[in-house]
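> Output the structure for:
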Amino acid sequence: MLRARDAMDRAYAEPLDVPTLARIAHVSPAHFTRTFRATFGETPHRYLQRRRVERAMFLLRETGLTATDICFKVGFASPGTFSRTFREIVGRSPREYRKQATPVDAPTCFTMAWMRPHR
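Below you'll find the predicted structure:
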């Protein structure tokens, strides 16, 4: 399970599906999904979405890229899905988040823990 989660952390922007992740973990896709959820408290799909949104939050705060560019850069296939998922996880739209967010001058490990979405 840790290998698969690490793969998602490294390659969050790539198209990753459950069969691919299950092969990394050396289990069947159904067993992988059940075990991943029991171990980490969320489905593999939701974990991957959250990792992508966390990266998008950083890019919205720290760069001048458009939300559409960020959407594709972090691995979402459509701006609509990106915006909807971002709102579900963060509680506001990417545009609202960018307006209210300010660049943080702190170590990355601190900002990742502090700004991690909790939904």
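
> Without its sequence neighbours, what residue ends up closest to Arg51?
Tyr12 (4.5 Å; Cβ to Cβ, 6 or more residues apart in numbering). Using the backbone N, CA and C atoms, a C-beta is placed for each residue, glycine as well.

> okay but the one you found is in contact with Arg52, surely?
Yes - with contact defined as Cβ atoms under 8 Å, Tyr12 reaches Arg52; the gap is 5.3 Å.

> tell me, what's touching these two both at once?
Val74, Gly75 (Cβ atoms under 8 Å, 6 or more residues apart in numbering).

> Looking only at neighbour counts, state which of those two leads.
Neighbours per residue, other Cβ atoms under 10 Å: of Tyr12 and Arg52, the larger number sits with Arg52, 23 against 19.

> Check the secondary structure at the more buried one for me.
Secondary structure, DSSP: H, G, I helix; E, B strand; the rest coil: Arg52 is helix.

> could you list every residue that touches it?
Per Cβ under 8 Å, 6+ apart, neighbours of Arg52: Tyr12, Ala13, Val74, Gly75, Phe76, Thr85.

> if you set the cut-off to 10 Å instead, what comes out?
By Cβ atoms under 10 Å, 6 or more residues apart in numbering, the residues touching Arg52 are 8, 12-13, 70-71, 73-76, 82, 85-86, 89.

> thinking again about what came up before, list phi and psi for the residue nearest to Arg51.
When read as degrees, to the nearest 10, the backbone of Tyr12 gives phi -60, psi -30.

> does it really touch Pro44, like I thought?
No - in this structure, Tyr12 is not within contact of Pro44 by Cβ atoms under 10 Å, at 11.9 Å.

> what's the overlap in contacts for these two?
With Cβ under 10 Å, 6+ apart, Tyr12 and Pro44 have no common neighbours.

> Would you map the helices across this protein?
2-10, 18-25, 29-40, 44-62, 67-73, 79-90, 94-100, 108-115 (DSSP state H).

> deepest of these, which one?
helix 44-62 (a mean of 20; mean count of other Cβ atoms under 10 Å).

> Tell me what angle that one forms with helix 29-40.
60 degrees (axes from the mean of the first three to the mean of the last three Cα atoms, to 10 degrees).

> What is the distance between helix 44-62 and the centre of its chain?
In terms of Cα atoms, centre = their mean, to the nearest Å, the centre of helix 44-62 is found 3 Å from the chain centre.
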